[in-house]
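Enquirer: Following is a predicted model, sequence given first.
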Amino acid sequence: VVCDEPTSALDHETGHKVMALMREVAMTHDRSLVIVTHDARIFGFADRIARMDDGHIESVTTQAPNARRRIPPMLRKYLLPALALAGFLFGIITVVQGNQPQPPSQPVVQPPAAPFASFIAGAGIVEARNRNIQIGTPLSGVVTEVAVKVGDRVKAGDLLFRLDDRQYLAQEALAQAAVSHARAQLNDASTQLRLAQSITDRRAISTEEL
C-alpha cells in the first residue's frame, strides 16, 4: 500500500486514528505500507524512516514503533475470545442469581386476632330479610352527608344522603351569567330597534341596517 500525505489535512487525533488503521493493515501477512509525508507527527508509527532531499535518499533509520499503537499478535488472538467468555459467564451468573427464590416478606402489621378462646368465623354478605332495595341518583358524585342511620324507618321522599353539589352550583352560576348577558344583548338590540323606528326620514338608515 502506497500513500501520499494521508494525514496532511487532518487534525492530530484524526490523523492518529487513520495511521492506526493503516498499521493494522500493514501488520497482516504479506502486506507492506509505504507513506510519503512531511507530517512529523506520524513518524512514531514507522518501522523504518527514509529521509529524502531533492529526490535522493539521505538516510534510513530503523526504530521501534509507538508501543501504544502496536498490539501484539498473541494479545489480539486471545484477548477478544477471553472478553467474550467473561461476558458469557457474567450473563450466566446474573441469570442464576435472578432466578433464586425470594424470601417471603414479613407483614408490616400483624393480622388481628380474636379475643375469645373459642369462636366461629365465616365469610359472606349481608342481605335484607324480605327484599333488596336499590338506591341511586341520576347524577354521579361524592357523598358528603348521610342523613339516616341503621334501623331508621324511611318513606318515599325522605332525605337519605347529600352529594357534593359544588360543581353543579358553579355550572348554575355560569348559566345564570349567560342568561344575564343574553338579556343585556336583547335590551341593547331593542333600544337600537326603537331608535331606528323613530327616524322619520327612511333615507337616513338602510334596510339592511334596520
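Expert: Thanks, I have the structure now. These numbers come from a predicted model, not from an experiment.
Enquirer: neighbours of residue 140, just the number please.
Expert: A total of 7 residues lie near residue 140 under the criterion other CB atoms under 10 Å. C-beta here means a position set from N, CA and C on the backbone, and glycine is covered the same way.
Enquirer: Please apply the same query to the one 5 residues further on.
Expert: Residue 145: 10 surrounding residues under other CB under 10 Å.
Enquirer: And residue 141, by the same measure?
Expert: Counted with other CB under 10 Å, the neighbours of residue 141 add up to 13.
Enquirer: count of neighbours near residue 107?
Expert: For residue 107, the tally of surrounding residues (other CB under 10 Å) stands at 7.
Enquirer: I'd assumed it was in a strand, is it?
Expert: No: applying DSSP: H, G, I helix; E, B strand; the rest coil, one finds residue 107 to be coil, outside a strand.
Enquirer: got the contact list for it?
Expert: By CB atoms under 8 Å, 6 or more residues apart in numbering, residue 107 lies in contact with nothing.
Enquirer: Tell me the backbone dihedrals of residue 123, please.
Expert: As for residue 123, its main-chain torsions (degrees, to the nearest 10) stand at phi -120, psi 140.
Enquirer: can you start the count at 31 instead of 1 from here on
Expert: Fine by me, first position is 31 from now on; the one you just mentioned is residue 153.
Enquirer: ok, now how distant is it from residue 217?
Expert: Per CB to CB, to the nearest Å, residue 153 is found 68 Å from residue 217.
Enquirer: between the two, which one's more packed in?
Expert: Just comparing residue 153 and residue 217: by other CB under 10 Å the higher neighbour count belongs to residue 217, 10 against 4.
Enquirer: Report pLDDT for that one.
Expert: On pLDDT, residue 217 comes in at 93.
Enquirer: Pull out the buried positions in the helix or strand residue 55 falls within.
Expert: Using DSSP states H and E, residue 55 sits within helix 42-56. Neighbour-count burial for helix 42-56, counted by 16 or more other CB atoms under 10 Å, picks out 45, 46, 48, 49, 52, 53, 56.
Enquirer: Give me the helices and strands touching the longest helix along the chain, please.
Expert: Longest helix of the chain, by residue count under DSSP state H: helix 196-228. If you count contacts as 3 or more CB pairs under 8 Å, 6 or more residues apart in numbering; DSSP states H and E, helix 196-228 packs onto no helix or strand.
Enquirer: Tell me where the chain has strands.
Expert: Assigned by DSSP state E, the strands in the chain fall at 32-34, 64-66, 78-83, 86-92, 173-176, 191-193.
Enquirer: and the second one, how far out from the chain's middle?
Expert: Averaged C-alpha coordinates place strand 64-66 at 52 Å from its chain's average position (CA atoms, centre = their mean, to the nearest Å).
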